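Engineer: compute the structure for the input listed below.
(one chain, ligands or ions: 1)
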Amino acid sequence: DTADVVIIGAGPAGLVLGNLLLRRGVDCVVLERAGRDDVAHRARAGFLAPNTVRILQRHGLAEGLGRRGREHGVCEFRTEDGRFRIDYRQFGTGDPHTVYPQHELVADLLDHYLDGGGRIRFDTEAVAVADADGPAPTVTVRDGDGRPGRWRARYVAACDGRHGAGRRSLPPGSVRHHHRDHGVTWLGLLAEAPPSLDAVGYATHPRGFAGHMARSADITRYYLQCPRETRADDWSEDRVWDELDLRMRAPDYGPLRRGRVIRRSVVPLASDVIEPLRHGALFLAGDAAALISPSAAKGANLAVLEAEILADALTDALAQGDSSGLDRYSERCLAHIWRAQEFSHWMIRLLHRLPDPEGTAHFQERLRSARMAALRDSAPQRHWFAENYTGI
Ligand code: FAD
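Structural biologist: This next block holds a predicted model:
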């Protein structure tokens, strides 16, 4: 089998790229390990940055989020010193987020791609990319029954996440791999419960961080900082809600609206960047390029941006023989990635007591509360926050 561009992975990165290439008449195929139902039902991100919405609108991919997405623009911080709110539409660029669950976006992108006649192979796992530094790279695959196959391509876009075949196929020494474990773990919870406040809630507490993020009128995501060794099922529902009440200070600020916890995951906060994002004809995008801790909700937004940059570059290369966009792809994306990493790192240090091997816990804690106070009291600091919080 052949295609000019073989895209591995049908997440936000792979499907935005597939849709854009399809619209421009570029011959492409998407290879996806999971089945269609799984792809369209994986609950993950929910906060789309203004730039992400603009990209999706520009390419006619925003119909669903235009109808069902909800504008969101307020954060509430609950701390040992009381609570404060930032209406970030009043600061920075003045843009809100759009709350739209990632799996709904993925389902929309999938429908759009298939309606346009796009080729996709579900239940097809990419095993390896070979000969990426030559003119005819190949992707070896196996289907759901373990039968092997092979795709020949001119370019391969690895949009298959951190553990995908794209990263695995990079020859040793061809890229630099940055990894940073932030030493913090979140228990991520999806609750069948209406949001409890009309804001993103960030609570700092001596027992650890707790977060609240609306997903829809009756689904809310919560996070609880937990010990690294925690397993997703360790905490009973009662324990989850009691701990959320305590850390979100429900007795002071009002009760949380409880409901069934329908999904749980343990999320170690880590950063992971590959540099450069290219080896010959193999390009990395989305989580395959860089993993970012979910503390600042950037991952899906970076994935969409990188997919647009890569689609432009691939179209120029294939339609006009102009490969300058491909040559600049890595540098352009890494500039966005490192800014997002820096802000996420700042958010992690704003919201958590971090492990402190040097015995300076009190010092670190004082710095953290000074950071929080600056955000509460300084308008320029809130401008900086708003610009980075919604920016990509
Ligand atoms: P993915 O969405 O992971 O898609 C990769 C696809 O590749 C998958 O469909 C997978 O099945 C497929 N695949 C993998 N390996 C292979 C293979 N070998 N062969 C074929 N197919 C393969 N980001 C935000 O911007 N905002 C948020 O609010 C936010 N919240 C998050 C909350 C949680 C709990 C988590 C875990 C993440 C969150 N993120 C958030 C991050 C965001 O979900 C990811 O950054 C985003 O999914 C990246 O998109 P992607 O297309 O690169 O990868």
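Engineer: for stretch 90-100, list every residue counted as buried.
Structural biologist: Counting neighbours by 16 or more other Cβ atoms under 10 Å, one finds that the buried residues in stretch 90-100 are 91-92, 95-100. For the C-beta atoms, the positions are set from N, CA and C on the backbone; glycine is no exception.
Engineer: let me fix that, I meant to ask about stretch 62-79.
Structural biologist: Buried, per 16+ other Cβ under 10 Å, within stretch 62-79: 62, 64-65, 69, 72-79.
Engineer: in strands, which of these appear?
Structural biologist: The strands, defined by DSSP state E, take in 72, 74-79 from the buried residues of stretch 62-79.
Engineer: from the residues you listed, pick the one nearest D145.
Structural biologist: Of all these, H72 has the smallest distance to D145: 44.0 Å, by Cβ to Cβ.
Engineer: what pairs with that closest one across the strands?
Structural biologist: Judged by DSSP bridges, the bridge partners of H72 are H97.
Engineer: kindly report the same for the one 10 residues further on.
Structural biologist: When bridges are taken as DSSP bridges, the partners of G82 come out as T79.
Engineer: so how many other residues sit close to it?
Structural biologist: Neighbours of G82 under the rule other Cβ atoms under 10 Å: 11.
Engineer: and the gap between it and the ligand?
Structural biologist: 26 Å (Cβ to the nearest ligand atom, to the nearest Å).
Engineer: quick check: residues of this protein near the ligand?
Structural biologist: 8-14, 31-34, 39, 44-47, 102, 125-126, 159-161, 164-165, 188, 265, 267, 286-287, 294, 297-301, 303 (Cβ under 6 Å from any ligand atom).
Engineer: those in helices, which ones?
Structural biologist: 12-14, 39, 102, 165, 299-301, 303 (DSSP state H).
Engineer: what ranges does the stretch 1-150 of the chain have for its strands?
Structural biologist: Using DSSP state E, counting those that start in this stretch, the strands of the stretch 1-150 of the chain run over 2-8, 28-31, 47-48, 70-72, 74-79, 82-87, 97-99, 119-121, 124-130, 138-143, 148-158.
Engineer: give me the contacts around the shortest one.
Structural biologist: What that stands for is strand 47-48. Under the contact criterion Cβ atoms under 8 Å, 6 or more residues apart in numbering, strand 47-48 has outside partners 56, 65, 69, 72, 97-100, 105, 200, 213, 297, 300-301.
Engineer: columns pLDDT on top of these, output as TSV?
Structural biologist: TSV is the format used below for these (pLDDT from 0 to 100):
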residue	pLDDT
L56	98
L65	95
G69	94
H72	92
H97	94
T98	94
V99	91
Y100	93
L105	97
V200	95
M213	93
A297	84
A300	95
N301	96
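Engineer: separation between A62 and the ligand?
Structural biologist: Distance from A62 to the ligand, by Cβ to the nearest ligand atom: 16 Å.
Engineer: quick one: pLDDT of that residue?
Structural biologist: As summarised for this prediction, A62 has a pLDDT of 97.
Engineer: got it, and R353?
Structural biologist: In this prediction R353 is given a pLDDT of 87.
Engineer: ok, G183 next?
Structural biologist: Reading off the model, G183 has pLDDT 92.
Engineer: offset the numbering so it begins at 53, please.
Structural biologist: In the new numbering, first residue 53, that becomes G235.
Engineer: count the neighbours of it for me.
Structural biologist: G235 is flanked by 15 other residues according to other Cβ under 10 Å.
Engineer: not counting sequence-adjacent ones, nearest residue to it?
Structural biologist: Closest residue to G235 apart from its sequence neighbours, by Cβ to Cβ, 6 or more residues apart in numbering: P407 at 4.4 Å.
Engineer: cool, V126 as well?
Structural biologist: A251 (4.1 Å).
Engineer: how close does that neighbour sit to Q433?
Structural biologist: According to Cβ to Cβ, to the nearest Å, A251 stands 18 Å off from Q433.
Engineer: any idea which of the buried residues of stretch 114-131 is closest to E360?
Structural biologist: The nearest one, if we look at the buried residues of stretch 114-131 relative to E360 and count by Cβ to Cβ, is A114, at 13.0 Å.
Engineer: contacting residues for the nearest residue to S226 once chain neighbours are set aside?
Structural biologist: With sequence-adjacent residues excluded and distances taken as Cβ to Cβ, 6+ apart, S226 is closest to H331, at 5.1 Å. By Cβ under 8 Å, 6+ apart, the residues touching H331 are 184-185, 222-223, 226-227.
Engineer: try 6 Å
Structural biologist: Listed by Cβ atoms under 6 Å, 6 or more residues apart in numbering, the contact set of H331 reads 184, 222, 226.
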